[in-house]
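Undergrad: Got a sequence here, can you build the structure:
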Amino acid sequence: MAVAAHSVGQAEHEHEHHGPPAAHQSSRVDAPTLGMLLFICSEIMIFGAFFTAYFFIRVVGGAPWPAHGTELPKLVAGFNTFILISSSFTIHFAQESIKRDNRRGLKVGMVATFLLGLTFLFIQINEYIHIGFAPQDNAQATVFFSLTGLHGAHVTIGLILLGMVTIRSFRGHFSPEHHHGVEIPGIYWHFVDVMWIIVYTTVYIL
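TA: Below you'll find the model as predicted:
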């Protein structure tokens, strides 16, 4: 009887397991975080290619920046930069809140981060509409729209991720023990913010 019960229990255990056993992890960084970091490295190389074109036109080619007859809205872009930097603090607040099991703080932080990111994107689109030149006007305009547009595309992707995290936070999907779903999109969003600081400083200020 005991043997039969043991056999049934073993059969149920085998039935519950699906797929191959978990792989041994040699890295100290967990797989999801490592995957995001590697993805960010690939994105840095993409931005590097666009910055190479920018410096080639401006430094090697000696072209005036901004081009004659154009003016970059430094003040508006500076205000937009402040908005995006603020979103890094709000998402950090959300991450720290869920670690302390503060679900209200998580929700407030995620909603604030999403709204700040959406505001940044809206201002950038409005800037494109009123900036007074088009990508095909000259090489400088092409590089400007390419660099800022590439970043805008990353902001859009980030907003999709933030939206998903916000919805999940209202559904109670995270806990102090399980919050990777907040941290990993947060890593991406911090990358987006840092990259914009580089773009803003290089394109608008220098």
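
Undergrad: Which secondary structure state does residue 67 sit in?
TA: Following DSSP: H, G, I helix; E, B strand; the rest coil, we place residue 67 in the coil state.

Undergrad: Compute the number of surrounding residues for the nearest residue to it once chain neighbours are set aside.
TA: Using C-beta to C-beta, 6 or more residues apart in numbering and skipping the chain neighbours, the partner closest in space to residue 67 is residue 140 (4.1 Å). The C-beta positions use only the backbone N, C-alpha and C, and glycine is treated the same way. By other C-beta atoms under 10 Å, the residues close to residue 140 number 22.

Undergrad: Next secondary structure after the helix or strand hosting residue 140?
TA: Secondary-structure element containing residue 140, defined by DSSP states H and E: helix 139-170. Per DSSP H and E, helix 139-170 leads on to helix 180-199 as the next helix or strand towards the C-terminus.

Undergrad: Pull the distance from that next one to the chain's centre.
TA: Distance of helix 180-199 from its chain centroid, counting by C-alpha atoms, centre = their mean, to the nearest Å, is 4 Å.

Undergrad: That one versus helix 139-170: what angle between them?
TA: Here the directions of helix 180-199 and helix 139-170 differ by 160 degrees (axes from the mean of the first three to the mean of the last three C-alpha atoms, to 10 degrees).

Undergrad: Show me what helix 180-199 is packed up against.
TA: helix 31-55, helix 74-99, helix 103-130, helix 139-170 (3 or more C-beta pairs under 8 Å, 6 or more residues apart in numbering; DSSP states H and E).

Undergrad: Residues contacting stretch 65-84, please?
TA: By C-beta atoms under 8 Å, 6 or more residues apart in numbering, the residues outside stretch 65-84 that reach it are 58, 116-117, 119-120, 123-124, 127, 131-133, 137-141, 144, 155, 192-193, 196-197, 200, 203-205.

Undergrad: Between the helices and strands packed on helix 180-199, which has the poorest mean confidence score?
TA: Out of the helices and strands packed on helix 180-199, helix 31-55 stands lowest, with a mean of 91 (criterion: mean pLDDT).

Undergrad: What residues of that one count as buried?
TA: 36, 40, 43, 47, 50-51, 54 (16 or more other C-beta atoms under 10 Å).

Undergrad: Make TSV out of the helices and strands packed on helix 180-199 and add distance to residue 68.
TA: Shown next, in TSV, are the helices and strands packed on helix 180-199 (distance: least, C-beta to C-beta, whole Å):
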stretch	distance to residue 68
helix 31-55	18
helix 74-99	17
helix 103-130	19
helix 139-170	9
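
Undergrad: Residue 187 is nearest to which of those helices?
TA: In terms of C-beta to C-beta, the element of those nearest to residue 187 is helix 31-55, at 5.3 Å.

Undergrad: Run the angle between that closest one and helix 180-199 for me.
TA: Interaxial angle, helix 31-55 versus helix 180-199 (the same axes, to 10 degrees): 10 degrees.
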